[in-house]
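Student: Any chance you can model this:
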Amino acid sequence: TLHGKTDETARNATLSVLWRVLRETLILLHPFIPFVTEEIWHKLPGTEGSIMRATFPADNPELTHVTEMPQAEAWMDVIIAVITGIRNIRGEMNIQPSLHLDAQVHSPDPDTRQVIENHREIVTDLARLNSLTVQEPGERPKAAATSVIENASIFVSLEGIVDFNQEVQRLEKEIGKLDKELTGVSKKLNNEDFLTKAPEDVVEKVKEKHRGMMEKRQKLQANLEKIEELAGS
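Tutor: Coordinates of the predicted model:
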């Protein structure tokens with residue numbers, strides 16, 4: 001016996017727990033490893049259809065008491081937005097992921113400030129920060145890149161991190177190279193012979209390439225203007 005149960009009863013209880021843990025783990029992992037989880041799902045007894053149609057925890061009768069927590073979700077949205085804002089600045093400014101940064105979050109909303117303070121360690125770790133200051137709106141820090149989220153502004157200090165003159169030269173060079181490529185693509189799109197004689201799918205690919213290049217140029221130009229502004233601050 002095991003805790004007053006017969007061996008068979010204990011075995012069945014163990015199998016039930018293992019089945020439930022595996023089933024629910026597969027559902028949670030499916031967005032990350034879809035093909036593997038789908039394959040295992042079909043070999044697991046007691047499952048029907050595709051794992052894509054499985055839900056969690058709504059289909060677990062023991063978890064029907066679980067309710068939505070809109071306030072907790074709103075708090076998590078704030079944390080995600082702060083981390084994403086800092087990571088976007090890192091990417092836009094071409095800052096190495098290994099470098100730890102100093103950041104400030106200015107918010108007029110005390111609840112927003114408190115949420116960030118309560119999750120300071122998570123933000124510091126996931127955004128790779130040396131320091132994080134959370135305060136009411138004040139003077140904008142010098143030589144700092146900015147990201148604006150709901151109820152808050154994020155400032156990441158770039159002093160000693162980015163060589164502004166070198167970054168301006170790099171962006172100007174990249175924009176110049178892209179402009180040359182754009183000229184060639186634009187000539188094709190302005191050529192009536194190409195538009196009328198080339199297969200439709202080929203023309204569409206060139207148009208899509210042109211749209212992608214234009215979007216990239218706009219981002220590069222926006223980053224250049226940010227760097228130039230920071231260099232003059």
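
Student: Now tell me what touches the host helix or strand of residue 87 from outside.
Tutor: In this assignment (DSSP states H and E), residue 87 forms part of helix 70-92. For helix 70-92, the external contacting residues (C-beta atoms under 8 Å, 6 or more residues apart in numbering) are 95, 97, 101, 103, 105, 112, 115-116, 119, 122-123, 126-129, 145-152, 154, 156, 219, 223, 226. Every residue, glycine included, has its C-beta placed from N, CA and C.

Student: now the angle from the lengthiest helix in the chain to helix 70-92?
Tutor: Taking DSSP state H as the criterion, the chain has its longest helix at helix 200-232. Here the directions of helix 200-232 and helix 70-92 differ by 90 degrees (axes from the mean of the first three to the mean of the last three C-alpha atoms, to 10 degrees).

Student: and helix 200-232, what does it pack onto?
Tutor: helix 70-92, strand 144-149, helix 164-189, helix 192-197 (3 or more C-beta pairs under 8 Å, 6 or more residues apart in numbering; DSSP states H and E).

Student: Return the set of buried residues in the third one.
Tutor: For helix 164-189, burial by neighbour count (16 or more other C-beta atoms under 10 Å) applies to 164, 167, 168, 170, 171, 175, 178, 182, 185, 188.

Student: Equivalent analysis for stretch 75-87, please.
Tutor: By neighbour count with 16+ other C-beta under 10 Å, stretch 75-87 contains the buried residues 75, 78, 79, 81, 82, 83, 85, 86, 87.

Student: rewinding a little: tabulate the helices and strands packed on helix 200-232 (JSON lines), appending mean pLDDT and distance to residue 30.
Tutor: Formatted as JSON lines, the helices and strands packed on helix 200-232 follow (pLDDT from 0 to 100; distance: least, C-beta to C-beta, whole Å):
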{"stretch": "helix 70-92", "mean pLDDT": "91", "distance to residue 30": "21"}
{"stretch": "strand 144-149", "mean pLDDT": "90", "distance to residue 30": "30"}
{"stretch": "helix 164-189", "mean pLDDT": "92", "distance to residue 30": "39"}
{"stretch": "helix 192-197", "mean pLDDT": "91", "distance to residue 30": "44"}
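
Student: would you turn those into CSV with distance to residue 27?
Tutor: Shown next, in CSV, are those (distance: least, C-beta to C-beta, whole Å):
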stretch, distance to residue 27
helix 70-92, 20
strand 144-149, 31
helix 164-189, 44
helix 192-197, 49
